[in-house]
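K.L.:
Pasting a predicted model and its sequence here:
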Protein chains: 2
Amino acid sequence: MLIVKKFGGTSVANKERIFNVANRCIEEYKKGNDVVVVLSAMGKYTDELITMAKDINEKPPKREMDMLFTIGEQMSVALMAMAMNKLGVPAVSLNAFQVAMHTTSAYGNARLKRIDTERIRRELESKKIVIVTGFQGINKFDDYTTLGRGGSDTTAVALAAALHADACEIYTDVDGVYTADPRKVPTARKLKEITYDEMLDLATLGAGVLHNRSVEMAKKYGVPLVVRSSLNNEEGTVVKEDVQVERMLISGVAVDKDADRIAVIGLKDEPGIAFKVFDTLAKKNINVDVILQSIGRDGTKDISFTVNDNDLDDAVAALEANKARLTFQKIEANKEVAKLSIVGAGMMSNPGVAAKMFETLYNENVNINMISTSEIRVTVLINEKDAERAMNAVHEAFGLSD
Amino acid sequence: MLIVKKFGGTSVANKERIFNVANRCIEEYKKGNDVVVVLSAMGKYTDELITMAKDINEKPPKREMDMLFTIGEQMSVALMAMAMNKLGVPAVSLNAFQVAMHTTSAYGNARLKRIDTERIRRELESKKIVIVTGFQGINKFDDYTTLGRGGSDTTAVALAAALHADACEIYTDVDGVYTADPRKVPTARKLKEITYDEMLDLATLGAGVLHNRSVEMAKKYGVPLVVRSSLNNEEGTVVKEDVQVERMLISGVAVDKDADRIAVIGLKDEPGIAFKVFDTLAKKNINVDVILQSIGRDGTKDISFTVNDNDLDDAVAALEANKARLTFQKIEANKEVAKLSIVGAGMMSNPGVAAKMFETLYNENVNINMISTSEIRVTVLINEKDAERAMNAVHEAFGLSD
């Protein structure tokens, strides 16, 4: 078997943890498996590098920022190879140049295009554990790039796909995917299995276990993922195309408090206005989520939508700068909102799911501001102060508690 | 003009110094010159990396050690590019992979074989300052190597040679090459010029301004070197093939206190014994310097030689392990010795130089243990306690004081 194992920054934050990871990988190796390990930078090292850079230049060029970032994973992989060597097992560390991890050109947010597997295969054939830097790649200019937030998950999945690995295990500080965040919902249960699509919606909606780009890639190439803890030996959650066990109606409940609502009020009720609003935001690279457009009245209409907290100021500024062209009267921004979502492949064949969610929230006296649905997801925008109470009530109502 | 400038770790140890270096390079750039900058790791960062590695594995594999070391220079060059960008000048940082800095295979002590200049030339053509990692290279396996102590000097000289640079400036914390160590000899004078050969002997003999491998390379390719301070604008010392000014008899006096003496006593007086002794040491990679062999008497003879302080224990152990085969009676080791050398191309045509040195030491009541000479150098082994007094006396006797 060929197994790709990915460990995040907290799993390699100090000497003791490095040896813990080394031992887990060696255990797998001694069963006769080929082991490829993907590592992030140690602990908060990436943050330290940001601080170092900003002290020199508040707006460092992105190309140079990536040049600086990539030393973090190189440190992790070199030290890990030393730890395995200390434990008597041959290991070799490889960075993005050595693997040849080709990405698109965009510094700070590149996408993997192609991974050469020749070097890795050669090292595996000579019976070494291969330790690869996560998060980083090289572009067509022979420059370092990084893959953006959670990029090491993507590296691991892409390597598993390129190497046709038998398993791709993502080790984190939680021991699997839960029906809801266990810190917020005490009765949350760990899922044995979940589909790529469900995981994708949960990842996008703030469950935060896996980077969504890595799930997209796993789905595209059919890479079987396992999410498990680096701190214990629990079985974790399997993410795959189709779940065999008898299905729950929904698989999980997620809350995203980083959503803010913007209302654009008093737009002229004429064709193309909505397009102009969203085009203005798209040009600034601002992602817009749940959208609600009021019915026109007295020749005007309102458009509301949510954006991520980080983008709020830029979004408002971009709209205000085009006030005349966009024909609106005023903008209202509200940061005290949260997105509450339920996700489940089971709801495709069961039209009563959304109604049941709304009823539960009504009984809890939680006001719904906006609604958005997909085939396997229902999302509502509610007041942030209601978020945890609503989450627990919905979790209970759908029988997710054990 | 194309100018290569090399700055050591102390010159980039903190934010203030990074900007100081950035400003000096920009000054050159604004005169219309092409500027290539070679940097070492910041301050004591390489030592920190060693500590980190040894905490994991007392004997880390050299290949992984080089993988870890190379992040030091990558940090320096990325931060320097950010500083120059902050000052409004376009700059780009390049590591050993990006330049394609080919070396021999030996991890920890590789030699440069070939440098691709295409990327650097392209960046210079687009009017950027190019900042290159010193000390590191890549070998035929596509692995990082490092060039050993003082390797960044060698990187700078090799780049200057490959790019046919008009000048190669080595910035250090002293402002040039002196007739003797100014901390020990208050009357020492800075030299305006010195030949490669003289510099080579001074570098080897513990003057410590330039790495000897870098001087060898400068001589081989005729790269004009300048040694100057990163902290002031003094002119520094030019190192070149032939010095035009009227020559002093000697150029400098150097002391090396790291030398230890080993005496192998009571060897059988038969052919091949000396070979066996030095072959035993050569096999352990121990460099032997000044050698003295006694005349045979009563069928035995003694051999004395000096080794570097770091190698003393290994040398004694290697000899003791072969005591029977080497036929000696005992070994005496003495750490309280120092090598005192005078260097000067002028002594080639002047046979009285050695005698004058011996006379000076005799007058100072300094005992000479061993003597070694080359065409442009006289070295004597003396007691360490006499070293500074002897150095000052010789410096004075040859009229080097100003």
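P.N.:
Structure received. Residues are numbered from 1 along each chain as shown, chains lettered A, B, ... in the order given.
K.L.:
which stretches of the stretch 151-300 of chain A form strands?
P.N.:
Using DSSP state E, counting those that start in this stretch, the strands found in the stretch 151-300 of chain A span residues A:167-172, A:193-195, A:225-229, A:237-240, A:252-256, A:259-268, A:288-293, A:300-308.
K.L.:
counting contacts, what elements does the third one pack onto?
P.N.:
Right, the one you point to is strand A:225-229. strand A:167-172, helix A:212-221, strand A:237-240 (3 or more Cβ pairs under 8 Å, 6 or more residues apart in numbering or on different chains; DSSP states H and E). All C-beta spots, glycine's among them, are computed from the backbone N, C-alpha and C.
K.L.:
just so I have it, where are all the helices in chain A?
P.N.:
A:15-30, A:45-56, A:62-86, A:96-99, A:118-125, A:151-162, A:196-204, A:212-221, A:273-283, A:312-321, A:323-326, A:353-363, A:387-397 (DSSP state H).
K.L.:
rank the ones you listed by mean pLDDT and give me the bottom one.
P.N.:
Lowest mean pLDDT of the helices of chain A: helix A:196-204, a mean of 82.
K.L.:
and that one, what does it pack onto?
P.N.:
helix A:212-221, strand A:237-240, strand A:252-256, strand A:337-343.
K.L.:
and the last one, which strands flank it?
P.N.:
So the one you mean is strand A:337-343. The pairing partners recorded for strand A:337-343 under DSSP bridges are strand A:252-256 (antiparallel), strand A:377-383 (antiparallel).
K.L.:
For those, give me JSON lines that also has mean pLDDT, mean neighbour count and distance to residue B:237.
P.N.:
Shown next, in JSON lines, are these (pLDDT from 0 to 100; neighbours: other Cβ atoms under 10 Å in any protein chain shown; distance: least, Cβ to Cβ, whole Å):
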{"stretch": "strand A:252-256", "mean pLDDT": "90", "mean neighbour count": "26", "distance to residue B:237": "65"}
{"stretch": "strand A:377-383", "mean pLDDT": "90", "mean neighbour count": "22", "distance to residue B:237": "72"}
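K.L.:
Next, format those as TSV and append distance to residue A:321.
P.N.:
Putting the strands paired with strand A:337-343 into TSV (distance: least, Cβ to Cβ, whole Å) gives the following:
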stretch	distance to residue A:321
strand A:252-256	28
strand A:377-383	26
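K.L.:
How much space separates residue A:142 from residue A:366?
P.N.:
54 Å (Cβ to Cβ, to the nearest Å).
K.L.:
between the two, who's got more neighbours?
P.N.:
residue A:366 (20 against 13; other Cβ atoms under 10 Å in any protein chain shown).
K.L.:
Local confidence estimate at that one?
P.N.:
91.
K.L.:
I figured it hits residue A:388, correct?
P.N.:
No: counting by Cβ atoms under 8 Å, residue A:366 sits too far from residue A:388 to count as a contact (10.8 Å).
K.L.:
Mind checking the strands paired with strand A:337-343 for the one nearest to residue B:274?
P.N.:
strand A:252-256 (80.3 Å; Cβ to Cβ).
K.L.:
Next, the angle from the closest one to helix A:353-363.
P.N.:
Between strand A:252-256 and helix A:353-363, the angle comes out at 60 degrees (axes from the mean of the first three to the mean of the last three Cα atoms, to 10 degrees).
K.L.:
Pull the residues that contact strand A:252-256.
P.N.:
A:177-181, A:184-185, A:191, A:194, A:198, A:201-202, A:205-207, A:338-344, A:387-388, A:391, A:394-395, A:398, A:400 (Cβ atoms under 8 Å, 6 or more residues apart in numbering or on different chains).
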